[in-house]
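Peer 1: the sequence isn't on hand, but the structure is:
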DNA sequence: GTAGATGCAAAGTATTTGCGACAAG
DNA sequence: CTTGTCGCAAATACTTTGCATCTAC
């Protein structure tokens, strides 16, 4: 499991350089949703010579290869997350900035239905909920 | 109806300058979702002296006043739209770039339910569907 | 009259790119 | 070998801001 990004690279014919291996490793081990700056910071610990241009190039490449996915939450920088089988959406705690992942099949289904009704086949979607902790 | 942006400004204590009136007018008459460049272009026709800095300042001000809303669709620049009572979401035709507005109460309801289940009160949300025309 | 708005140009962010050196397959 | 990648610094794209001037209220 831990090497799956490297395996995906092989499968897609993406050349595996040392820098890409490091970025892959850092993303695999990140359970949050780092932005490029933060990713660069984490990667720099393992290889201080890596440049931020390479980080930008790599996340873009990985995104196009279906390895990472990019999120652009309201009023925030672009963040990245490893893309796995299980699709999920996000709820952002607007007070703490905490991001919670969730899955709701019913909503997924309805989205397809709505698209269909409008004459479209759904190829992608974005659902973000912004909330404040219930004070009950 | 046509002047409602100006009325909202009065109601919120937002000073009504000529530039703001023009920007309000252009947004009211736009049925699409212009980005700042496009808005600036449209506004320039009515007043060629207006600066793009003012357009940026004004859309931000109007957004904070609840007059406009900002969209950041995938891989696109920020776009603005007048905010009216009827909330709606968007379906983007990934081939033509066309944006279709829709309302689905069932999805809205489910979102609240999901947030609640996670212990949150929903304060905002973003739902974007990306689709291709059905070839039936 | 005064607080706040404007235009301009300069400064900030975030991201991309040209190029010569270098490394993976 | 050869094609593609890297690091660097410069370039780009979008947005914000300092300042002197001007305007709505």
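Peer 2: In hand now; what should we look at? What you see is a predicted model; the values in this text were computed from it and never measured.
Peer 1: does the one helix or strand residue A:121 maps to come close to chain B?
Peer 2: For residue A:121, the element it lies in under DSSP states H and E is strand A:120-133. Yes - using Cβ under 8 Å from any Cβ of the partner chain, strand A:120-133 reaches chain B at A:120-133. Heads up, the C-betas are built off the backbone N, CA and C, glycines and all.
Peer 1: tell me where the model's unsure across chain A.
Peer 2: Scanning chain A for pLDDT under 70 picks out A:1-3, A:136.
Peer 1: how about the contacts made by the one residue sitting closest to the centre of chain A?
Peer 2: When Cα atoms, centre = their mean is applied to chain A, the residue found nearest the centroid is residue A:81 (2.3 Å). Counting by Cβ atoms under 8 Å, 6 or more residues apart in numbering or on different chains, residue A:81 touches A:27, A:33, A:68, A:69, A:71.
Peer 1: return the residues of chain A in contact with chain B.
Peer 2: Residues of chain A lying near chain B (Cβ under 8 Å from any Cβ): A:72, A:74, A:91, A:93-94, A:100, A:102, A:104, A:106-107, A:110-111, A:114-116, A:118-134.
Peer 1: gap between residue A:77 and chain B?
Peer 2: Distance of residue A:77 to chain B, computed by Cβ to the nearest Cβ, to the nearest Å: 12 Å.
Peer 1: narrow the residues of strand A:120-133 next to chain B to those that are buried.
Peer 2: Among those, those buried by neighbour count (16 or more other Cβ atoms under 10 Å in any protein chain shown) are A:120, A:122, A:125, A:126, A:127, A:128, A:129, A:130, A:131.
Peer 1: which ones are touching the fifth one?
Peer 2: Translated: residue A:127. Taking Cβ under 8 Å, 6+ apart as the contact definition, residue A:127 lies against A:89, A:90, A:107, A:111, B:111, B:125, B:126, B:127, B:128.
Peer 1: bridging residues for it?
Peer 2: residue B:127 (DSSP bridges).
Peer 1: now do the same end-to-end measure for stretch A:73-88.
Peer 2: With Cα to Cα, to the nearest Å as the measure, stretch A:73-88 spans 15 Å from end to end.
Peer 1: which parts of chain A are helices?
Peer 2: For chain A, helices defined by DSSP state H occupy the ranges A:4-12, A:18-29, A:36-46, A:52-64, A:105-117.
Peer 1: adding mean neighbour count, write those helices out as TSV.
Peer 2: Output for the helices of chain A, formatted as TSV (neighbours: other Cβ atoms under 10 Å in any protein chain shown):
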stretch	mean neighbour count
helix A:4-12	15
helix A:18-29	18
helix A:36-46	16
helix A:52-64	17
helix A:105-117	15
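Peer 1: wait, which of these is closest to residue B:54?
Peer 2: Judged by Cβ to Cβ, the one of the helices of chain A that comes nearest to residue B:54 is helix A:36-46, at 30.7 Å.
Peer 1: is that closest one in proximity to DNA strand D?
Peer 2: No - on the criterion Cβ under 7 Å from any atom of the strand, helix A:36-46 is out of touch with DNA strand D, staying 9.3 Å away.
Peer 1: from the contact counts, what lies against that helix?
Peer 2: Helix A:36-46 sits against helix A:18-29, helix A:52-64, with contacts defined as 3 or more Cβ pairs under 8 Å, 6 or more residues apart in numbering or on different chains; DSSP states H and E.
Peer 1: between it and helix A:18-29, how many degrees?
Peer 2: Interaxial angle, helix A:36-46 versus helix A:18-29 (axes from the mean of the first three to the mean of the last three Cα atoms, to 10 degrees): 110 degrees.
Peer 1: by how many degrees do helix A:36-46 and helix A:52-64 diverge?
Peer 2: Going by the same axes, to 10 degrees, helix A:36-46 makes 110 degrees with helix A:52-64.
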